[in-house]
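*Asks:* Here you go, sequence then predicted model.
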Amino acid sequence: MHAWYLREFYLNNNLIKPNALTVAGESIDLEQVVQPVYAVTAVDDHIAPWRQAFRLTHFVAGDKRFVLSSSGHILGIINPVVNPPKREYWVAPAERHHTPDSWKETAEHHQGSWWEDWMQWIKPRSGELKKAPAVESKAYPALMDAPGSYVTEP
């Protein structure tokens, strides 16, 4: 799977080519993605450089909100909400005509974690909160209540 992922996504860049990538028998055309997209990347991400990640906004058709977090690949995403804030982020809608730098010039700068912005963005799109359905069944009974004994095992 790892070799396939690197070949298809990095070497051949097939995700951005309409119908060039097939997953589970389904070809993917990002132009057909019309649901809202909240894309997050990080300033110092050495694995997915933010200016390259911004290119996603040119290939999907739905509303796009792009967020640039401070820090690197992991901390930029984890970026917990803490007081006083330790990090910062920039956020704005992204249109196809934007370049990464023109987007950043118009993006709002915020102190703190982008998670708070994401919560404001996702809640109106999420519907009503409901009780989670039972996951056990007659064929697969629950072994114990969550979180499970492995959490307290040494």
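*Replies:* Cool, the structure landed. Numbers count the residues shown, from 1 in each chain.

*Asks:* switch to C-alpha atoms for all contacts and neighbour counts from now on
*Replies:* Noted.

*Asks:* so where's the longest helix in this structure?
*Replies:* What stands out as the longest helix in the chain, according to DSSP state H, is helix 115-126.

*Asks:* buried residues in that helix?
*Replies:* For helix 115-126, a neighbour-count test (16 or more other Cα atoms under 10 Å) marks Trp115, Trp118 as buried.

*Asks:* roughly how far out does stretch 16-24 sit from the chain middle?
*Replies:* With Cα atoms, centre = their mean, to the nearest Å as the basis, stretch 16-24 stands 19 Å off its chain's centre.

*Asks:* show me where this protein has strands.
*Replies:* Here the chain has its strands, by DSSP state E, at 21-23, 26-28, 37-42, 64-69, 88-93, 108-111.

*Asks:* Poorly predicted segments of this protein, please.
*Replies:* Residue ranges of the chain with pLDDT under 70: none are present.

*Asks:* Domains in it, by residue range?
*Replies:* Domain assignment of the chain by automatic domain parsing yields the ranges 1-29, 33-125.

*Asks:* Turn the ones you listed into JSON lines, columns for distance to Ala142.
*Replies:* JSON lines is the format used below for the domains of the chain (distance: least, Cα to Cα, whole Å):
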{"stretch": "domain 1-29", "distance to Ala142": "30"}
{"stretch": "domain 33-125", "distance to Ala142": "30"}
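
*Asks:* Which residues does stretch 59-78 contact?
*Replies:* Residues outside stretch 59-78 that contact it (Cα atoms under 8 Å, 6 or more residues apart in numbering): 16, 30-48, 50, 54, 57, 87-95, 113-114.

*Asks:* now these: which count as buried?
*Replies:* Members of those classed as buried by 16+ other Cα under 10 Å are 16, 30, 37-45, 50, 54, 57, 87-95, 113-114.

*Asks:* which residue packs closest to Asn13, ignoring adjacent ones?
*Replies:* Arg7 (8.0 Å; Cα to Cα, 6 or more residues apart in numbering).

*Asks:* What's the local residue count around that neighbour?
*Replies:* Neighbour count of Arg7, defined by other Cα atoms under 10 Å: 13.

*Asks:* now the one 3 residues further on
*Replies:* A count of neighbours around Tyr10, defined by other Cα under 10 Å, yields 11.

*Asks:* again with the one 4 residues further on
*Replies:* Neighbouring residues of Asn14 were enumerated by other Cα under 10 Å; the total is 17.
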